[in-house]
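A.B. asks: Got a predicted structure here, sequence first:
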Amino acid sequence: MKHILILGGTTEGRQLAAALAAEPSVRVTSSLAGRVAEPRLPAGEVRVGGFGGAAGLAAWLREQQVHTLIDATHPFAQVISRNAAEAAAATHTPLLALRRPSWVPVEGDRWHPVDSLAAAAALLPSLGRRALLTTGRLGMSEFAQVSGVHLVARSVEPPEPPLPAELTVLLERGPFTLDGERAVFREHRIDLLVTKDSGGAATAPKLAVARELGLPVLLVRRPEPPAGVQVVTDVSEALGELGLW
Ligand code: NAP
């Protein structure tokens with residue numbers, strides 16, 4: 001039986017786990033970081049918490065006799081992706097990265113791409129007065145010094161200090177609908193959207209609403225995946241590479 005370890009925390013990771021759990025020739029384990037108190041659990045075996053760096057992950061791959069490692073983490077989860085590449089190389093474990101494609105602008109979009117949360121925070125006051133911030137609670141401290149702008153920050157878990165002075169927190173987990181997003185923009189009088197280029201359908205409606213309203217979007221570009229790692233963009237492609245499709 002082939003043991004496949006999925007580094008997860010994403011919709012695609014859960015979808016892949018569901019497909020692999022149905023394969024009699026596969027043992028699938030999903031790994032979650034443990035950031036969310038009540039995570040949506042994937043099918044198959046699940047382990048929670050860090051491995052202790054690349055060396056810890058490499059030890060886990062050896063002990064658990066992992067046949068193939070799949071990095072299905074979020075495109076912005078840079079540390080674990082780097083660790084996956086290092087651990088796979090050290091243990092000669094085949095590694096596949098599953099990364100949903102970036103969002104692509106269409107006519108009417110007013111996107112302002114930036115390379116970091118810090119760059120987004122610096123540009124923010126020049127683009128709006130009431131910003132919907134969907135970059136996640138972990139990077140919130142980057143916005144702590146923003147002044148003159150009311151931030152409406154949406155995250156699954158409450159953000160921790162340091163926090164911006166003018167802040168409303170919306171505790172919500174996607175997927176989000178177009179009508180729901182229209183209501184958020186209306187209710188909070190949003191005139192600017194700040195988001196990471198996460199890609200995927202679950203959180204894309206906010207971009208459509210910004211387009212409808214002609215509002216600017218501060219879009220944080222995603223980091224490059226580690227060099228030399230094979231990347232697939234959806235679950236069926238991943239199953240094809242695994243020889244299971
Ligand atoms: P990160 O900065 O890349 O990783 C920090 C540390 O967290 C890693 O060194 C590792 O600890 C541990 N870790 C991360 N993902 C793990 C996993 N799937 N299983 C076991 N340990 C993991 O990660 P992050 O950006 O904080 O993201 C954490 C998790 O949330 C990921 O699973 C990711 O898919 C998900 N997520 C992230 C974002 C985002 O915007 N970053 C958005 C949605 C979901 P050790 O070194 O001890 O192994």
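C.D. replies: Looks like it arrived, so ask away.

A.B. asks: And the residue nearest the centre of the chain?
C.D. replies: Central residue of the chain (Cα atoms, centre = their mean): His74, 3.2 Å from the mean position.

A.B. asks: Contacts made by the helix ranked longest in the chain with the rest, please.
C.D. replies: In the chain, assigned by DSSP state H, the helix with the most residues is helix 78-91. Defining contact as Cβ atoms under 8 Å, 6 or more residues apart in numbering, one finds that helix 78-91 is touched by 7, 33, 51, 53-55, 57-58, 61-62, 69, 71, 73, 93-95, 97, 223, 225-226, 228-229. For glycine as for every other residue, the C-beta is placed from the backbone atoms N, C-alpha and C.

A.B. asks: and with 7 Å instead?
C.D. replies: If you take Cβ atoms under 7 Å, 6 or more residues apart in numbering as the criterion, helix 78-91 is touched by 7, 53-54, 57-58, 61-62, 69, 71, 73, 95, 97, 223, 225-226, 229.

A.B. asks: picking up where we left off before, my guess is the residue nearest to the centre of the chain contacts Thr10. True?
C.D. replies: Yes: under the criterion of Cβ atoms under 7 Å, His74 makes contact with Thr10 at 5.5 Å.

A.B. asks: Please work out the average pLDDT along the longest helix of the chain.
C.D. replies: Across helix 78-91, the average pLDDT comes to 98.

A.B. asks: hmm, that helix touching the ligand?
C.D. replies: Yes: interface with the ligand: helix 78-91 contributes 78-80, 83 (Cβ under 6 Å from any ligand atom).

A.B. asks: about what we covered before: generate a PyMOL selection restricted to the buried entries among the contacts of helix 78-91.
C.D. replies: Buried members of the contacts of helix 78-91, defined by 16 or more other Cβ atoms under 10 Å, are picked up in PyMOL with:
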select buried, resi 7+54+57+58+61+69+71+73+95+97+225+226+229
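
A.B. asks: Of the contacts of helix 78-91, which ones also sit close to the ligand?
C.D. replies: Okay, of those touching the ligand (Cβ under 6 Å from any ligand atom), that's 7, 53, 57, 73.

A.B. asks: quick one on the thing from earlier: so which of the contacts of helix 78-91 is the closest to Glu45?
C.D. replies: Among the contacts of helix 78-91, Leu7 lies closest to Glu45 (Cβ to Cβ), at 13.5 Å.

A.B. asks: and the closest residue to Val106 other than its chain neighbours, how many neighbours does it have?
C.D. replies: The shortest distance from Val106 to any non-neighbouring residue, by Cβ to Cβ, 6 or more residues apart in numbering, is to Arg211 (7.4 Å). Neighbours of Arg211 under the rule other Cβ atoms under 10 Å: 18.
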